[in-house]
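*Asks:* A predicted structure for the sequence below; I have some questions about it.
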Amino acid sequence: MKLSNLLANIEYTVINDGNPEITDIIYDSRKVTDGTAFVCLKGYTSDGHKYAQSAVEKGAAALIISDDLSFNVPKNVAVIKVENTRKALAYISAEFFGRPAERLKTIAITGTKGKTTTTAMIASILECAGIKTGTIGTLGILYDGKVVKTDNTTPESYEIQKAMHDMLECGCKAMVIEASSIGLKHYRLADITFDVGIFTNFSHDHIGGVEHKDMAEYLYCKSLLFGQCRHSAGNIDDEKFTEITKLAVEKPVTFGFSNKADFVASDDHLLFENGFIGVHFELSGKKKLSLDVNIPGKFNVYNALAAISAVSFFDIPDKAIVEGLHKAKVKGRVEPVPVPGNYSLIIDYAHNALSMENVLSTLRLYKPNRLITMFGAGGNRPKVRRYEMGETSGRLSDLSVITEDNSRFEDVMDIIEDIKTGLAKTDGKYVVVPNRKDAIRYCMENAQDGDIIVLAGKGHEDYQEIKGVKYHMDERELVADIIKEMAEEKK
Ligand SMILES: CC(=O)N[C@H]1[C@@H](OP(=O)(O)OP(=O)(O)OC[C@H]2O[C@@H](n3ccc(=O)[nH]c3=O)[C@H](O)[C@@H]2O)O[C@H](CO)[C@@H](O)[C@@H]1O[C@H](C)C(=O)N[C@@H](C)C(=O)N[C@H](CCC(=O)O)C(=O)O
Ligand SMILES: Nc1ncnc2c1ncn2[C@@H]1O[C@H](COP(=O)(O)OP(=O)(O)OP(=O)(O)O)[C@@H](O)[C@H]1O
């Protein structure tokens, strides 16, 4: 694409004239190839302007800058000066990829908690309505069965625009994205008008260091989303609702337990039946439905309300809402895995004491026959983490099954001994089964009716790291293999 076309929607000054054909847009000099446009971003640890000369040497056809350069740029390299290069990156990336957001239904979610879960719920509902959907967030870029890993919850604008372009190529009709406050602050979502913006909730987080200077800035950055959405919806029970949605271009749709909300939840209760662990509630207001949500924890009523509000702007049948929430799951986070017995098996990413405490105490509320936690701990990481995990599982589980995790360069049995040291502070029962597949099998063979078994630590990961090598290991596949093996042995 010609440089002039990329610049269609931004204000700029020409420093070096020229209108080269641009093969790609790059913001890391190490990735520059012939004919690319190099955008100099001023970062936290470095400044892209310092690498502009190296980019030219590698064949960049154009430089996008905000500061003057300290070397003589060859005449055949176009130089364009803008006020803010991060913002310019968003605008030129949108042009480069053919403005993909305009050809998708787009939903962005902001809030301190619930972004990932609500994203998954919306995608599940849209998929049940036959709308192929891609998502972007903490779990990476997910579409068409693919997972593209990203460095950020809200990736850089170039990655977002490319992802939407690739989603369209695969037949996606909708895209749901987690809009982090930092992403909004750094223009990663600039030049996108979303169909819907969603606000989940607001609490203390992301203050200090390279994040926000204070709560006011954190709140302001979240509020920016609503100035770039056609429609919006928010949690009316949250005291910051009005302030955060103040830039909304039309009156936001509201959700919550309050009778004032457009979508009202009531009669919520935990649901643990035939292996289904979730939450039930009645929906009233703009829609009347009786709903079972497949993700444990009462706060998921709010996430489900957020998802229902988001899809209310499209023509989605109630059946898809009911079905979508009934089968919604977030990969690796309290993710249920189907098993033949009358017990529940859950895969969760919890790999430190705090996340283990959160997931186990949420599951204890379901009053299982026994709560069984299988876990290990990472090698070459602080030992205190192992003691704490041992202690937490010992305190909250009826049985701990201690096994291996990413042992890296340490001996598995040494790590297990450290976990046992922490566990010994409690009177929790435990067994040691060093091989992870054997440990899963132990849990499944010994499961009793009404048990909840948590396979903690790996979550969405599909590998195990031992002595510098990442071996393929997906717990979903291991469970499926064990089910087959157990069925064969029964014959
Ligand atoms: C603090 C922060 O936000 N940093 C983000 C920022 O990196 P940076 O500006 O610090 O990069 P830098 O290292 O200073 O480099 C500046 C520029 O020089 C370039 N460079 C550098 C070296 C070189 O040899 N050549 C070269 O061209 C770099 O490619 C870059 O363009 O821009 C990068 C590209 O967009 C981001 O990946 C990176 O996020 C880092 C990984 C990060 O941890 N960010 C956190 C704070 C964050 O964004 N979090 C939010 C919220 C998460 C949540 O909700 O929990 C998120 O959305 O992820
Ligand atoms: N609506 C909610 N209200 C309060 N807590 C919630 C809510 N939704 C999820 N949580 C809690 O926050 C944790 C993270 O949820 P989720 O990943 O959906 O949020 P997130 O906004 O994407 O968070 P992060 O940015 O930390 O990844 C959950 O495990 C749960 O403990």
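*Replies:* Received the coordinates, thanks. Ligands and ions are numbered 1, 2, ... in the order given.
*Asks:* Now name the helix or strand holding Ile372.
*Replies:* Secondary-structure assignment from DSSP states H and E places Ile372 in strand 371-375.
*Asks:* What are the buried residues along stretch 217-234?
*Replies:* For stretch 217-234, a neighbour-count test (16 or more other C-beta atoms under 10 Å) marks 218, 220-226, 228-229, 231-234 as buried. In this view, the C-beta of every residue, glycine as well, is placed from N, C-alpha and C.
*Asks:* Distance to ligand 2 and secondary structure added to these, as JSON lines?
*Replies:* Formatted as JSON lines, the buried residues of stretch 217-234 follow (distance: C-beta to the nearest ligand atom, whole Å; DSSP: H, G, I helix; E, B strand; the rest coil):
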{"residue": "Tyr218", "distance to ligand 2": "13", "secondary structure": "helix"}
{"residue": "Tyr220", "distance to ligand 2": "18", "secondary structure": "helix"}
{"residue": "Cys221", "distance to ligand 2": "14", "secondary structure": "helix"}
{"residue": "Lys222", "distance to ligand 2": "11", "secondary structure": "helix"}
{"residue": "Ser223", "distance to ligand 2": "16", "secondary structure": "helix"}
{"residue": "Leu224", "distance to ligand 2": "17", "secondary structure": "helix"}
{"residue": "Leu225", "distance to ligand 2": "14", "secondary structure": "helix"}
{"residue": "Phe226", "distance to ligand 2": "17", "secondary structure": "helix"}
{"residue": "Gln228", "distance to ligand 2": "19", "secondary structure": "helix"}
{"residue": "Cys229", "distance to ligand 2": "18", "secondary structure": "strand"}
{"residue": "His231", "distance to ligand 2": "20", "secondary structure": "strand"}
{"residue": "Ser232", "distance to ligand 2": "17", "secondary structure": "strand"}
{"residue": "Ala233", "distance to ligand 2": "14", "secondary structure": "strand"}
{"residue": "Gly234", "distance to ligand 2": "12", "secondary structure": "strand"}
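*Asks:* Which residues of this protein lie near ligand 1?
*Replies:* Residues of the chain lying close to ligand 1 (C-beta under 6 Å from any ligand atom) are 27-30, 41, 43-46, 48, 51, 151-154, 156, 180, 182-183, 210-211.
*Asks:* For ligand 1, what's its nearest residue on the stretch 1-150 of the chain.
*Replies:* Gly43 (2.1 Å; C-beta to the nearest ligand atom).
*Asks:* Hmm, Asp348 is touching Pro336, no?
*Replies:* No: Asp348 sits out of contact with Pro336 when judged by C-beta atoms under 8 Å, with a separation of 10.3 Å.
*Asks:* Could you tell me whether Ile122 really is in a helix?
*Replies:* Yes: using DSSP: H, G, I helix; E, B strand; the rest coil, the secondary structure at Ile122 is a helix.
*Asks:* That one and ligand 2, how far apart?
*Replies:* Here the criterion is C-beta to the nearest ligand atom, to the nearest Å. By it, Ile122 lies 12 Å from ligand 2.
*Asks:* same deal with Val73?
*Replies:* The gap separating Val73 from ligand 2 is 41 Å, by C-beta to the nearest ligand atom.
*Asks:* Surely that residue and Leu63 touch.
*Replies:* Yes: applying C-beta under 8 Å, one finds Val73 in contact with Leu63, separated by 6.7 Å.
*Asks:* any common contacting residues for the two?
*Replies:* 16, 52, 56, 79 (C-beta atoms under 8 Å, 6 or more residues apart in numbering).
*Asks:* Contact partners for Gly110?
*Replies:* Quick fix: residue 110 is Thr, not Gly. Thr110 makes contacts with 178-181, 184, 197-200, 222, 225, 244, as judged by C-beta under 8 Å, 6+ apart.
*Asks:* Show the contacting residues for the closest residue in space to it that isn't next to it in sequence.
*Replies:* Leaving aside its sequence neighbours, Thr110 sits nearest to Ala179 (C-beta to C-beta, 6 or more residues apart in numbering; 4.4 Å). Residues in contact with Ala179, defined by C-beta under 8 Å, 6+ apart, are 108-110, 115, 154, 189, 197, 222, 225.
*Asks:* and if you look at Ile316?
*Replies:* The contact partners of Ile316, by C-beta under 8 Å, 6+ apart, come to 125-126, 129.
*Asks:* do the same with Ser407
*Replies:* With C-beta under 8 Å, 6+ apart, Ser407 has these contacts: 376, 378-379, 415, 465-466.
*Asks:* run the last query once more with 6 Å
*Replies:* Shown in contact with Ser407 (C-beta atoms under 6 Å, 6 or more residues apart in numbering): 379, 466.
*Asks:* how far away is it from ligand 1?
*Replies:* For Ser407 relative to ligand 1 (C-beta to the nearest ligand atom), the value is 27 Å.
*Asks:* what does Asp474 give?
*Replies:* According to C-beta to the nearest ligand atom, Asp474 and ligand 1 sit 25 Å apart.
*Asks:* Identify the spatial nearest neighbour of that residue, chain neighbours not counted.
*Replies:* With C-beta to C-beta, 6+ apart as the criterion, Asp474 has its nearest non-adjacent residue at 4.3 Å, and that residue is Asp462.
*Asks:* So which residue is dead centre in this structure?
*Replies:* Closest to where the C-alpha atoms of the chain average out (C-alpha atoms, centre = their mean) is Thr138, at 2.5 Å.
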